[in-house]
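A.B. asks: Model the following, please.
(one chain, ligands or ions: 2)
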Amino acid sequence: MKILVTGGLGFIGSNFIRYMLAKYSAYQIVNLDKVTYAGNFENLAGIDKDPRYQFFKGDIADSKLVNSLISVQKPDAIINFAAETHVDRSIMNPGDFINTDVFGTHILLNAVKDHNVKRYIQISTDEVYGDFDNGGFAKETSPLRPSSPYAASKAGGDLQVLAFRRTYNLPVLITRCTNNYGPYQYPEKIIPLFITNLLESKTIPVYGDGQQIRDWLHVDDHCSAIDLVLHKGVDGEIYNIGANQNPEITNLELTKRIITACGKDERSIEYVKDRAGHDRRYAVDVAKIKTELGWEPKYNFDSGIAQTISWYKNNLEWWKKIKTGEYLNYYKQQYVQR
Ligand code: NAD
Ligand code: DAU
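C.D. replies: Numbering: from 1, shown residues only. Ligands and ions are numbered 1, 2, ... in the order given. Next up, the predicted model:
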């Protein structure tokens, strides 16, 4: 099988490419990535020389490039990871999110239609369902109630996928996963940000009261779920993916666990102004992917977070290079001037 992965230099896309090439010796991967601040060639160090892997630099919103790539490569499937992904950046600057997450998705869907691609998976997010702060779990049929510009841009992408399914009967599917963590995550997201700040003996900025709840899934478990959806998913269907931690973990509990694992104490915490429009709780019902496709996550949170913290401790070079230049400007704008 030949798979066109978009956004494969990012956190989840690069983990997915590693996962698929390790599991399927005869598969080929074509990676189309714009190489934004979040795209990092070092995420695929070692893979870049693999004859089963090809890289193309480009924007999914560039119709000419996307169409010529697909007509030459003729992929059996497209998996769209490419997106602007950070909620805080979407609050500062929503425009890029509309361009990639909405318009870019539209360009890919048009190409699926015009080139008769047999399978398209849209990697979406639980954030499209919005806040579930009164308990309960979002089902695939729950209404879309996005809160942030990021979540709204992802919901816009999802709605186009569903419209292209209904109108043109395209072989498209959507996955909606909860928060991922693991190796190669850009240190703007809470887990790598807090681990690396603590390793640098810096403070860690907890938004508001820290009582927000997220459902943390190891990135390898997300990859195994996408693998199943690719091979066994039913066209037109949506699949929620998540760990369903029980008991649920607040940001403050998560923070304290990271502090302990990094050998620090709670004086490292700095409570800062809350994120605008901050959702209190995300929670998805994952019965469908478990019962219909037989998916089960392998990591529990204790083993996953321990492995992740070790990875950042053992890969100082990887994240220290990122925490320079543009990153420092972003950090100042986001945390010092807020
Ligand atoms: P990331 O920010 O680490 O990487 C995004 C990648 O997309 C980068 O390599 C970037 O260069 C590329 N990209 C951005 N705009 C592009 C464009 N216009 N054309 C081509 N490439 C472009 O993101 P991530 O955390 O790996 O997320 C991947 C996908 O998974 C996203 O669609 C995101 O919405 C979704 N998702 C993420 C999480 C999470 O916790 N990180 C959870 C659920 C769903
Ligand atoms: O739920 C899936 C989503 O998870 C993905 O769709 C997004 O792409 C991904 O970025 C992530 O979104 P979140 O906003 O949940 O992730 P983030 O790591 O930015 O924040 C997690 C929680 O931690 C959230 O409640 C805000 C809080 N937080 C975050 C940062 C960066 C802090 O308290 N301090 C911080 O400095």
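
A.B. asks: So Lys34 versus ligand 2, what's the distance?
C.D. replies: 16 Å (C-beta to the nearest ligand atom, to the nearest Å). Where you see a C-beta, it was placed from the backbone N, CA and C, and this is true even at glycine.

A.B. asks: Can you tell me how far the nearest residue to that residue once chain neighbours are set aside is from Asp96?
C.D. replies: Leaving out its chain neighbours, the residue that sits closest to Lys34 by C-beta to C-beta, 6 or more residues apart in numbering is Asp59, at 4.7 Å. Applying C-beta to C-beta, to the nearest Å, the value for Asp59 to Asp96 is 11 Å.

A.B. asks: Over to Lys273?
C.D. replies: Distance from Lys273 to Asp96, counting by C-beta to C-beta: 23 Å.

A.B. asks: Give the burial count for the residue of the chain found nearest ligand 1, as a bare number.
C.D. replies: Taking C-beta to the nearest ligand atom, ligand 1 has its nearest neighbour within the chain at Gly10, 2.0 Å off. Per other C-beta atoms under 10 Å, the neighbour tally for Gly10 reads 24.

A.B. asks: That one against Phe41, yeah?
C.D. replies: No: applying C-beta atoms under 8 Å as the test, Gly10 and Phe41 come out as separate, 11.4 Å apart.

A.B. asks: What does the pLDDT read for Glu140?
C.D. replies: Looking at Glu140, its pLDDT stands at 98.

A.B. asks: Tell me who's in contact with it.
C.D. replies: By C-beta atoms under 8 Å, 6 or more residues apart in numbering, the residues touching Glu140 are 176, 237-240, 285, 288.

A.B. asks: Quick one: buried ones out of those residues?
C.D. replies: When neighbours are counted using 16 or more other C-beta atoms under 10 Å, these contain these buried positions: 176, 237-240, 285, 288.

A.B. asks: tell me what the longest helix along the chain is packed against?
C.D. replies: Longest helix in the chain, counting residues (DSSP state H): helix 149-168. Applying 3 or more C-beta pairs under 8 Å, 6 or more residues apart in numbering; DSSP states H and E, one finds that helix 149-168 contacts helix 87-92, helix 95-97, helix 105-115, strand 120-125, strand 172-177.

A.B. asks: still on that earlier bit, comparing Asp59 and Asp96, which residue is more hemmed in?
C.D. replies: Between Asp59 and Asp96, Asp59 has the larger neighbour count (other C-beta under 10 Å), namely 20 against 15.

A.B. asks: I'd like the distance between the more buried one and Phe103.
C.D. replies: In terms of C-beta to C-beta, Asp59 sits 10 Å off from Phe103.

A.B. asks: One more: Leu293?
C.D. replies: With C-beta to C-beta as the criterion, Leu293 and Phe103 are 30 Å apart.

A.B. asks: try Leu193
C.D. replies: Taken as C-beta to C-beta, the span from Leu193 to Phe103 is 29 Å.

A.B. asks: And Leu254, how close does it get to Trp295?
C.D. replies: Distance, Leu254 to Trp295, using C-beta to C-beta: 24 Å.
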